[in-house]
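*Asks:* Task: produce atomic coordinates for the following.
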Amino acid sequence: MTTTWIADMTSRIAQSTGFDAGTLAIDADDADELLRLAGVAAHTSGDRTNAPLLCHVLGRAVALGAPLAALARVIDGATAD
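*Replies:* Model (predicted):
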């Protein structure tokens with residue numbers, strides 16, 4: 001589900017930071033999961049601005065080694081309460 005726009009922005013960020021674009025790229029499955037979780041954040045919190053903020057926190061956690069699937073279970077569990 002990654003779009004040309006996201007691919008272009010990823011490339012630009014990689015060029016400006018010196019990071020490898022491949023390590024910044026998002027695959028279709030992760031994109032779908034992040035979009036789903038963003039929807040959960042927006043709808044269950046009642047505040048759409050929580051969607052990008054949650055995705056940022058998730059990205060930071062993934063960068064530190066947490067698997068996105070495990071993080072998704074945490075979010076799903078928290079919102080099921």
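*Asks:* got any ranges where the protein has weak pLDDT?
*Replies:* In the predicted model of the chain, residues 1-2 satisfy pLDDT under 70.
*Asks:* go with 50
*Replies:* Residue ranges of the chain with pLDDT under 50: none are present.
*Asks:* can you tell me which helix in this protein is longest?
*Replies:* Looking across the chain with DSSP state H, the single longest helix is helix 28-45.
*Asks:* elements contacting the helix or strand following it?
*Replies:* Where DSSP states H and E defines the elements, the next helix or strand beyond helix 28-45 is helix 50-63. Where contact means 3 or more C-beta pairs under 8 Å, 6 or more residues apart in numbering; DSSP states H and E, helix 50-63 is packed against helix 28-45, helix 68-80. Every residue, glycine included, has its C-beta placed from N, CA and C.
*Asks:* Relative to the whole chain's centre, how far out is the longest helix of the chain?
*Replies:* Helix 28-45 sits 8 Å away from the centroid of its parent chain (C-alpha atoms, centre = their mean, to the nearest Å).
*Asks:* circling back: point out the most buried one among the helices and strands packed on helix 50-63.
*Replies:* The highest mean neighbour count among the helices and strands packed on helix 50-63, using mean count of other C-beta atoms under 10 Å, belongs to helix 28-45: a mean of 15.
*Asks:* Quick one: residues in contact with that helix.
*Replies:* 1-2, 6, 26, 48, 50-55, 58, 68-69, 72, 75-76, 79 (C-beta atoms under 8 Å, 6 or more residues apart in numbering).
*Asks:* hey, C-alpha coordinates of that helix in PDB?
*Replies:* Extracted in PDB, the C-alpha atoms of helix 28-45 (Å, rounded to 0.1, in the frame of the first residue of the first chain):
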ATOM      1  CA  ALA A  28       2.800  -3.000   2.300                       C
ATOM      2  CA  ASP A  29       1.900  -5.200   5.300                       C
ATOM      3  CA  ASP A  30       3.400  -2.700   7.800                       C
ATOM      4  CA  ALA A  31       1.700   0.200   6.000                       C
ATOM      5  CA  ASP A  32      -1.700  -1.600   6.300                       C
ATOM      6  CA  GLU A  33      -1.100  -2.300  10.000                       C
ATOM      7  CA  LEU A  34       0.000   1.200  10.800                       C
ATOM      8  CA  LEU A  35      -3.000   2.700   9.000                       C
ATOM      9  CA  ARG A  36      -5.300   0.300  10.900                       C
ATOM     10  CA  LEU A  37      -3.700   1.300  14.200                       C
ATOM     11  CA  ALA A  38      -4.000   5.000  13.300                       C
ATOM     12  CA  GLY A  39      -7.700   4.400  12.700                       C
ATOM     13  CA  VAL A  40      -8.000   2.700  16.100                       C
ATOM     14  CA  ALA A  41      -6.200   5.700  17.800                       C
ATOM     15  CA  ALA A  42      -8.400   8.200  16.100                       C
ATOM     16  CA  HIS A  43     -11.700   6.400  16.700                       C
ATOM     17  CA  THR A  44     -11.200   5.100  20.200                       C
ATOM     18  CA  SER A  45      -9.600   8.300  21.600                       C
END
